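sequence first, predicted coordinates after that:
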Amino acid sequence: MARELNRDLFGVGGRVEESPTSVASPAFAKADELRVLHLHVEALSKRLKEFESRVEVMNTKTEEVVKQNKQRFERVQGHFQRHGEMVQNGFNDINAKLAQVISRVNERKVSENAIKEMVDRHAQLVQSFELRMQQLQRVISEQELQLMNARNELKEALHELARLKKI
């Protein structure tokens, strides 16, 4: 069986019946209107290409900034890791020296003369400990300043990225 289109539904053929549900035939555009429309399409196409190139440039710049920030972050992270190891080594040294002092104090408690000597040595170790603590406090304050600077740089980079995204 061959299939045929119902001519009454599509308005094909010699006669078209007008009914309340029939659709009016579309009006064709004029040549001038088509040219104007074509010019608008071309203009939009050019603007789209320009926008795509700008987006590509922005992507390239963003990738460069991200790469630079990643390198900076890795440097800062390595710096903090080294300083953390130095602080940990300092604490280990302090703990070891404190253990030595405690063992010496326990050994010399037997004699009264040894007690006086141990007090003098202990005072010296406390002064040494205070000097080291002051040095560690200076190192920690420097680290805090560097951390604040790194955070500020990261914030500036984030603001720059946000600004670049808005562009």
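Cool, the structure landed. Numbers count the residues shown, from 1 in each chain.

where in this structure is pLDDT low?
In the predicted model of the chain, residues 1-29, 105-106, 108-110, 112, 114 satisfy pLDDT under 70.

look up how far His40 lies from Lys30.
The span separating Lys30 from His40 equals 15 Å under the rule Cβ to Cβ, to the nearest Å. In this view, the C-beta of every residue, glycine as well, is placed from N, C-alpha and C.

please apply the same query to Lys46.
Plainly put, Lys46 is 11 Å away from His40 if you go by Cβ to Cβ.

what's the answer for Gln137, then?
Gln137 is 71 Å from His40, where distance means Cβ to Cβ.

do the same with Glu64
36 Å.

same check on Leu147?
In terms of Cβ to Cβ, Leu147 sits 56 Å off from His40.

now swap in Thr62 and tell me
Look at Thr62 and His40: by Cβ to Cβ, they are 32 Å apart.

got it, and Asn152?
In this view, Asn152 and His40 are 49 Å apart by Cβ to Cβ.

before we move on, the earlier item: neighbour count winner among Thr62 and His40?
Just comparing Thr62 and His40: by other Cβ atoms under 10 Å the higher neighbour count belongs to Thr62, 14 against 10.

for the nearest residue to that one once chain neighbours are set aside, the count of nearby residues, please.
Distances taken as Cβ to Cβ, 6 or more residues apart in numbering put Leu164 closest to Thr62, at 6.2 Å, once the chain neighbours are dropped. Close neighbours of Leu164, defined as other Cβ under 10 Å, add up to 12.

ok, Lys61 next?
Other residues near Lys61 come to 14 when the count uses other Cβ under 10 Å.

what sits against it?
Leu164 (Cβ atoms under 8 Å, 6 or more residues apart in numbering).

off-centre distance for the strand or helix carrying it?
Here Lys61 sits within helix 31-108, counting by DSSP states H and E. The offset between the C-alpha centroid of helix 31-108 and the centroid of the whole chain comes to 5 Å, using Cα atoms, centre = their mean, to the nearest Å.

perfect, I'm done here.
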